[in-house]
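# please work out how this folds:
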Amino acid sequence: MRILGIGNAIVDVICKVDENFINQNNLTKGNMKLIFDQNEFKKLLSNLKIEKTISGGSVANSIVGLSQQNNKVGFIGKISDDVLGEKYEIGLKKENVDYIYSKKKEELPTGTCLILITPDSERTMCTFLGTAGKINESDISVDAIKKSEMIFLEGYLWDEGDPRKAFDKAISYANKVAMSLSDKFCVDRHKPHFFDLVKNKLDITFANEEEIMSLLNTKDFKEVIKFAKEIKKLIVITRGENGAISIKGDDINEIGVKKNLNIVDLTGAGDLFASGYLHGYLNNFSQRDCLEEGKEMSSKIIQQIGARL
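Purely as a prediction, here's the structure:
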């Protein structure tokens with residue numbers, strides 16, 4: 001197997017909203033909010049018209065993108081034996097992803113992410129993790145990890161207790177480790193732990209500009225470059241209108257963005273960028289060509305609704 005993803009197994013529920021809905025529900029546009037009360041989540045959803053329901057999860061989206069580029073891939077993520085869990089599993093298998101998890105009836109239902117798209121195409125997320133957030137060491141297949149060239153983890157999954165133990169177990173057996181910082185919310189919540197991961201345990205870190213600058217407590221992007229050069233680990237950063245950059249030691253590569261795109265939904269832009277980049281990386285492309293592959297995939301996804309091509 002080329003790459004094994006480990007992340008939150010979540011069904012995306014996509015809805016279009018106006019700016020007032022974001023403000024009235026005290027949401028931060030462009031970021032993710034965790035909802036711990038299932039009833040609160042249902043109440044939020046009851047006021048909305050659903051545009052699309054699709055299997056999601058950040059790393060799972062990237063893994064599907066890698067499969068679509070003809071890479072042999074797998075995924076580990078926790079679901080329950082319920083209607084959404086069934087939908088989730090079918091969604092992965094039809095994309096030729098080896099789903100390495102045997103679902104059973106869990107105390108909590110399969111996780112759900114409400115993706116709210118405002119008229120400016122920005123996405124704001126409200127996530128009820130359900131059983132996805134209960135992943136533990138026993139859910140991690142050591143055999144699958146050892147047989148993979150690389151594992152790909154997401155910051156969304158990391159949390160104290162069982163998820164952290166699952167993370168640590170996966171990293172300890174991996175040949176190489178890539179991880180997405182996922183969201184500023186995750187970075188701010190777990191900053192010391194994420195800093196340790198980036199500096200000492202990851203081979204590749206994916207982040208957007210906001211996430212990496214928050215991690216380093218800086219507003220000066222030059223400090224990010226300085227840090228990346230010092231630790232000599234590969235850090236790949238998307239920078240919105242400023243394109244993307246990869247840094248490993250003194251090897252720094254930058255690309256711009258594609259112009260004149262019909263942008264309808266930014267959901268999955270980072271996920272698909274990572275899939276394109278990793279496709280290049282696994283197939284020995286140059287750093288610049290890896291970035292270009294990432295740009296190509298993310299440019300496609302933002303011109304449609306949802307996070308999967």
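# please name the residues that touch Thr267.
Residues in contact with Thr267 (C-beta atoms under 8 Å, 6 or more residues apart in numbering) are Asp12, Ile14, Ile115, Ile117, Arg123, Ile301, Ile305, Gly306, Ala307. Glycine gets a C-beta too; all of them are placed from N, C-alpha and C.
# ok, so of those, who is nearest Leu291?
Nearest to Leu291 among these is Ile301, at 16.0 Å by C-beta to C-beta.
# what about the closest residue to Ser121 other than its chain neighbours, how many residues close to it?
With sequence-adjacent residues excluded and distances taken as C-beta to C-beta, 6 or more residues apart in numbering, Ser121 is closest to Ile263, at 4.9 Å. Burial measure for Ile263: 13 neighbouring residues, criterion other C-beta atoms under 10 Å.
# so Ile263: helix, strand or coil?
Three-state assignment for Ile263 (DSSP: H, G, I helix; E, B strand; the rest coil): coil.
# hmm, it is touching Gln303, no?
Yes. With contact defined as C-beta atoms under 8 Å, Ile263 reaches Gln303; the gap is 6.5 Å.
# what pLDDT is listed against the closest residue to Ile6 other than its chain neighbours?
Leaving aside its chain neighbours, Ile6 sits nearest to Ile76 (4.7 Å; criterion: C-beta to C-beta, 6+ apart). Note on Ile76: pLDDT of 98.
# residues contacting the residue nearest the centre of the chain?
With distances taken as C-alpha atoms, centre = their mean, the chain has Ser58 as the residue nearest its mean C-alpha position (2.8 Å). Residues counted as contacts of Ser58 (C-beta under 8 Å, 6+ apart) are Gly7, Asn8, Glu154, Tyr156, Ser180, Ser182, Gly270, Asp271.
# CSV for the residues you listed, including distance to Ile204?
Listed next are the contacts of Ser58 as CSV, based on distance: C-beta to C-beta, whole Å:
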residue, distance to Ile204
Gly7, 15
Asn8, 19
Glu154, 13
Tyr156, 17
Ser180, 9
Ser182, 14
Gly270, 14
Asp271, 15
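# can you name the two of those residues that are farthest apart?
Greatest spacing in these, by C-beta to C-beta: Asn8 and Gly270 (14.6 Å).
# would you list the phi and psi of Lys16?
Main-chain torsions, Lys16, degrees, to the nearest 10: phi -90, psi 130.
# touching, Ile115 and Arg123? I think so.
Yes. Assessed by C-beta under 8 Å, Ile115 is found in contact with Arg123 at 5.4 Å.
# neighbour count winner among the two?
Legend: neighbour count by other C-beta under 10 Å for Ile115 and Arg123, higher for Ile115 (26 against 21).
# who touches that one in this structure?
Taking C-beta under 8 Å, 6+ apart as the criterion, Ile115 is in contact with Asp12, Val13, Ile14, Cys15, Gly56, Arg123, Thr124, Met125, Thr267.
# isn't there a helix covering the fourth one?
Think Cys15. No. The assignment for Cys15, made by three-state DSSP, is strand rather than a helix.
# what's the closest non-adjacent residue to it?
Leu48 (4.3 Å).
# of the contacts of Thr267, which is the nearest to Lys165?
Using C-beta to C-beta, the contacts of Thr267 come closest to Lys165 at Asp12, 26.8 Å.
# can you tell me how far the closest one is from Ile305?
10 Å (C-beta to C-beta, to the nearest Å).
# quick check: neighbours shared by those two?
The contact sets of Asp12 and Ile305 overlap at Lys52, Thr267 (C-beta under 8 Å, 6+ apart).
# with neighbour numbers in mind, choose between those two.
More crowded of Asp12 and Ile305, by other C-beta under 10 Å: Asp12, with 25 against 17.
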